[in-house]
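> next come a sequence and a model predicted from it.
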Amino acid sequence: KRYGSQCVVLSCDIKRVGNEFRVFAKGGREDTGMEAMSWIKRCIDNGAGEIVVNSIDTDGVKRGFDIEMLEKITSLVNVPVIASGGAGCVQDFIDLFEKVPKISAGLAASVFHFGEIAISDLKQELKNNNIKLEQELKNKEAEMEIMVQRKLAEQTIVIADQIRKQELEKLNQKDTTNQL
């Protein structure tokens, strides 16, 4: 609570086992036996403020993010969810943000490391598809905050001016009374 829940980020490797999603450990090599959705919910209830979800089923495959799993998770929680595992091209990111509108971010590694996707190209394509980038949203929030601060400052000046006039009137009244 001292730092806020967003400072506690839950990172989970999840894989399908039979008909359920399970939490894995040790880089996806060890099945913990824990059902992923209830475990994620418990972690959020205990204070995690953000989730990074890596789908072991799609990681490294480069055929797109695990939309089904991400839809389930984003409908279960009310904290930011970052998708990882599966990005192979720009369209995979577009599909992610269009099909899972509550997702906060898409994470990828090798497609950037090996130059398969240029970050600037990805950002431009997201813009072309009317997908707002976090920085754009932050800029709009900052603009709104500045507008609010300016309005408050204007109101403060008006109030301070009214108080100053009242104090001057009181002083003038005292001077008039003292002169009599």
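Now that the structure is in, tell me what you want to look at.
> where are the low-confidence patches of this structure?
1-6, 134-156, 158, 175-180 (pLDDT under 70).
> so where do the strands sit in it?
With DSSP state E, the ranges of strands along the chain come out as 9-17, 20-25, 30-35, 50-55, 81-84, 105-107.
> now those as a markdown table including distance to residue 160 and mean neighbour count?
Placement of C-beta: from N, CA and C, glycine included. Putting the strands of the chain into a markdown table (distance: least, CB to CB, whole Å; neighbours: other CB atoms under 10 Å) gives the following:
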| stretch | distance to residue 160 | mean neighbour count |
| --- | --- | --- |
| strand 9-17 | 44 | 18 |
| strand 20-25 | 58 | 18 |
| strand 30-35 | 59 | 13 |
| strand 50-55 | 41 | 22 |
| strand 81-84 | 46 | 22 |
| strand 105-107 | 44 | 17 |
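> for residue 40, give its distance to residue 101.
Applying CB to CB, to the nearest Å, the value for residue 40 to residue 101 is 19 Å.
> one step back: got the strands of the chain as a markdown table, with distance to residue 133 columns?
Output for the strands of the chain, formatted as a markdown table (distance: least, CB to CB, whole Å):
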| stretch | distance to residue 133 |
| --- | --- |
| strand 9-17 | 20 |
| strand 20-25 | 29 |
| strand 30-35 | 34 |
| strand 50-55 | 18 |
| strand 81-84 | 14 |
| strand 105-107 | 10 |
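> the more surrounded of residue 40 and residue 101?
Counted by other CB atoms under 10 Å, residue 40 and residue 101 do not tie: residue 40 has more neighbours, with 25 against 10.
> please tell me I have it right and that one contacts residue 51.
Yes. Between residue 40 and residue 51 a contact is recorded at 6.4 Å, counting by CB atoms under 8 Å.
> got any residues that touch both of these two?
10, 12, 73, 77 (CB atoms under 8 Å, 6 or more residues apart in numbering).
> would you check which pair of those residues lies furthest apart?
Pairwise distances among those were taken by CB to CB; the largest, 11.7 Å, belongs to 12 and 77.
> ok, now which ones touch residue 71?
Each residue near residue 71 by CB under 8 Å, 6+ apart is listed here: 99-100.
> and residue 43, by the same measure?
Shown in contact with residue 43 (CB under 8 Å, 6+ apart): 10, 51.
> how many other residues sit next to residue 172?
Counted by other CB under 10 Å, the residues lying close to residue 172 total 10.
> distance of it relative to residue 162?
Where residue 162 is concerned, residue 172 sits at a distance of 16 Å (CB to CB).
> also residue 127?
Plainly put, residue 127 is 47 Å away from residue 162 if you go by CB to CB.
> residue 66 now?
Distance, residue 66 to residue 162, using CB to CB: 60 Å.
> what about residue 35, distance to residue 27?
Counting by CB to CB, the gap from residue 35 to residue 27 is 20 Å.
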